[in-house]
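A.B. asks: structural data only, the sequence is not supplied:
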């Protein structure tokens, strides 16, 4: 199926590159992982064109059903799911330039896009464009990017501002707002892991199996597993703020001098 899919899309003149990435290309995968196929093009591949291709290959498919990037979902006779996602070459270049070359940090998940591309298996590459980008991203991790990620995310977690994530978490607990408390916990953990991966000079692998991926890192905050579990399991309980403060305190110690 993957070969047929690649051959069909490679015939379109707007298709620049096709790659396999996502869970199947990660260090931690299982049989439940989908096949994530990324198609990079100079202009949009229209839904009706995609539908014609899928109809000739897959028994079941849905077009324009991705909640994030524009994408489709296909299923073969054995129940394997293929997530097909579309990216413009212009947008892709902008993302790489903004983060990898200009060293601009985000709040949580800064280098996920870089990880996705750097770990891709190229299936088709009309001019070698994608292979060139992958080679660049597999180079040395930019020190300025590392510093910017750590600084920006520590600042939003527990910096000098009046609306840090930790302060917002404290207010949510004071108000008895369990939904807001959950949001703040998720935000703290997103920045927590962004810091860990940047500190170790590795790209952020995404939103799944983060504790497992973090364990591949050489350096980790003190009692990482225990602190995360307690922060999560105490949500809505009296000792939740103490658990969050301990998590953040150990993160401060971890990044000291970085």
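C.D. replies: All right, it came through fine. Predicted model only: the values in this text are computed from it and were never measured.
A.B. asks: how close does the nearest residue in space to residue 210 that is not next to it in sequence get to residue 117?
C.D. replies: Using C-beta to C-beta, 6 or more residues apart in numbering and skipping the chain neighbours, the partner closest in space to residue 210 is residue 193 (5.0 Å). From N, CA and C alone the C-beta is placed, and that goes for glycine too. Note on residue 193: its distance to residue 117, by C-beta to C-beta, to the nearest Å, is 19 Å.
A.B. asks: just the buried residues of the longest helix along the chain, please?
C.D. replies: When the chain is parsed with DSSP state H, its longest helix is helix 178-199. Neighbour-count burial for helix 178-199, counted by 16 or more other C-beta atoms under 10 Å, picks out 181, 184-185, 187-199.
A.B. asks: list the contacts for the residue nearest to residue 210?
C.D. replies: Taking C-beta atoms under 8 Å, 6 or more residues apart in numbering as the criterion, residue 193 is in contact with 108, 204, 210, 214.
A.B. asks: which one (most neighbours) among those residues?
C.D. replies: The residue in the contacts of residue 193 with the most neighbours, by other C-beta atoms under 10 Å, is residue 204 (25 neighbours).
A.B. asks: check contacts around that residue.
C.D. replies: With the criterion set at C-beta under 8 Å, 6+ apart, residue 204 makes contact with 109, 110, 111, 112, 115, 193, 194, 197, 198.
A.B. asks: ok, those vs residue 66, which is closest?
C.D. replies: Among the contacts of residue 204, residue 112 lies closest to residue 66 (C-beta to C-beta), at 15.9 Å.
A.B. asks: for residue 84, list each beta-bridge partner.
C.D. replies: residue 37, residue 72 (DSSP bridges).
A.B. asks: where does the residue nearest in space to the middle of the chain sit: helix, strand or coil?
C.D. replies: The centroid of the chain falls nearest to residue 206 when counting by C-alpha atoms, centre = their mean (2.9 Å). Recorded secondary structure, residue 206: coil (DSSP: H, G, I helix; E, B strand; the rest coil).
A.B. asks: got it, and residue 40?
C.D. replies: Relying on three-state DSSP, one would call residue 40 strand.
A.B. asks: residue 105 too?
C.D. replies: Applying three-state DSSP: residue 105 is coil.
A.B. asks: state the distance from it to residue 193.
C.D. replies: 14 Å.
A.B. asks: got it, and residue 38?
C.D. replies: In terms of C-beta to C-beta, residue 38 sits 23 Å off from residue 193.
A.B. asks: likewise for residue 157?
C.D. replies: For residue 157 relative to residue 193 (C-beta to C-beta), the value is 12 Å.
A.B. asks: what about the closest residue in space to residue 62 that isn't next to it in sequence, distance to residue 53?
C.D. replies: Excluding the flanking residues, the one nearest residue 62 by C-beta to C-beta, 6+ apart is residue 73, at 4.9 Å. According to C-beta to C-beta, residue 73 and residue 53 sit 14 Å apart.
A.B. asks: now residue 235
C.D. replies: 45 Å.
A.B. asks: which one of the two has more residues nearby?
C.D. replies: residue 53 (21 against 15).
A.B. asks: can you pull the contacts of the more buried one?
C.D. replies: 5, 8, 9.
A.B. asks: you'd agree it is in a helix?
C.D. replies: Yes: assessed by three-state DSSP, residue 53 belongs to a helix.
A.B. asks: any idea how far residue 228 is from it?
C.D. replies: 43 Å.
A.B. asks: what comes up buried for stretch 85-97?
C.D. replies: Here stretch 85-97 shows 85, 86, 87, 88, 89, 92, 96 as buried, counting by 16+ other C-beta under 10 Å.
A.B. asks: do the same with stretch 203-219
C.D. replies: For stretch 203-219, the neighbour count (16+ other C-beta under 10 Å) marks 203, 204, 205, 206, 209, 210, 213, 214 as buried.
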